[in-house]
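In: Sequence plus predicted model, see below.
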Amino acid sequence: MDDLRRIIGVILWWAEGTKSRRDKRWKNAVSYPVEITSTDPLVIKLFLEFIRKDLKIDESRLRVQLQIHENDNFYELESYWAEICSITKDKFQKTIIRPVGKKAGKTKGTCKIRYSDKETYLKVKGILEQVLQLVKV
């Protein structure tokens with residue numbers, strides 16, 4: 001099951017995650033995010049299991065950011081995602097509040113798992129390359 005979790009985790013990151021990029025705020029800076037964004041709590045839980053158990057992240061560097069609609073209950077949704085993520089509320093970054101839309105009140109918002117570390121990023125890329133070799137892509 002550990003191998004399956006690792007494969008699912010890296011595929012989730014590959015399909016839905018944030019990739020390395022130059023940070024335009026500084027001349028030679030590059031970010032190394034190991035992040036994923038989803039409205040699906042199972043996707044978030046699976047990805048967290050992957051980075052916690054397989055990548056052995058430094059839990060103190062893990063952050064969460066929510067995106068919700070302006071008429072959603074911020075405190076309720078923050079509590080909901082804190083429980084899903086098994087993380088304390090002090091690990092939440094500033095919530096993005098969107099204008100009322102067609103889905104306001106129908107979802108639990110969008111959750112972004114945020115972790116940035118070059119060594120961890122390179123580890124994820126290495127796992128992805130191994131998985132892609134298995135399927136001969």
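Out: Yep, that arrived.

In: Can I get the longest strand along the chain in PDB? Just the C-alpha atoms.
Out: For the chain, the longest strand by residue count, based on DSSP state E, is strand 63-69. C-alpha atoms of strand 63-69 as PDB (Å, rounded to 0.1, in the frame of the first residue of the first chain):
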ATOM      1  CA  ARG A  63       0.800  25.600   5.500                       C
ATOM      2  CA  VAL A  64      -2.800  25.700   4.300                       C
ATOM      3  CA  GLN A  65      -4.600  28.400   2.300                       C
ATOM      4  CA  LEU A  66      -8.300  28.500   1.700                       C
ATOM      5  CA  GLN A  67     -10.300  30.100  -1.100                       C
ATOM      6  CA  ILE A  68     -14.000  30.700  -0.300                       C
ATOM      7  CA  HIS A  69     -16.900  32.900  -1.300                       C
END
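
In: Run a quick check on Leu55 versus Val34, I expect a contact.
Out: Yes: contact criterion Cβ atoms under 8 Å: Leu55 and Val34 qualify, at 7.3 Å. Placement of C-beta: from N, CA and C, glycine included.

In: Give the residues shared as contacts by these two.
Out: Counting by Cβ atoms under 8 Å, 6 or more residues apart in numbering, the contacts common to Leu55 and Val34 are Thr120, Val124.

In: the more surrounded of these two?
Out: Using other Cβ atoms under 10 Å, the more surrounded residue of Leu55 and Val34 is Val34, with 28 against 20.

In: Distance-wise, check that one relative to Glu70.
Out: 30 Å (Cβ to Cβ, to the nearest Å).

In: in the lengthiest helix in the chain, what's buried?
Out: In the chain, taking DSSP state H as the definition, the longest helix is helix 118-134. Of the residues in helix 118-134, Thr120, Tyr121, Lys123, Val124, Lys125, Ile127, Leu128, Val131 count as buried by neighbour count, 16 or more other Cβ atoms under 10 Å.

In: Restrict that helix to CA atoms and write it as PDB.
Out: Presented in PDB, the C-alpha positions along helix 118-134 are these (Å, rounded to 0.1, in the frame of the first residue of the first chain):
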ATOM      1  CA  LYS A 118      14.100  22.300  -2.800                       C
ATOM      2  CA  GLU A 119      15.200  18.900  -1.500                       C
ATOM      3  CA  THR A 120      11.600  17.800  -1.100                       C
ATOM      4  CA  TYR A 121      10.700  19.100  -4.500                       C
ATOM      5  CA  LEU A 122      13.600  17.200  -6.100                       C
ATOM      6  CA  LYS A 123      12.500  14.100  -4.300                       C
ATOM      7  CA  VAL A 124       9.000  14.400  -5.700                       C
ATOM      8  CA  LYS A 125      10.400  14.900  -9.200                       C
ATOM      9  CA  GLY A 126      12.500  11.800  -8.800                       C
ATOM     10  CA  ILE A 127       9.500   9.700  -7.700                       C
ATOM     11  CA  LEU A 128       7.600  11.000 -10.700                       C
ATOM     12  CA  GLU A 129      10.400  10.000 -13.100                       C
ATOM     13  CA  GLN A 130      10.400   6.500 -11.500                       C
ATOM     14  CA  VAL A 131       6.600   6.100 -11.900                       C
ATOM     15  CA  LEU A 132       6.800   7.300 -15.500                       C
ATOM     16  CA  GLN A 133       9.500   4.800 -16.300                       C
ATOM     17  CA  LEU A 134       7.300   2.000 -15.000                       C
END
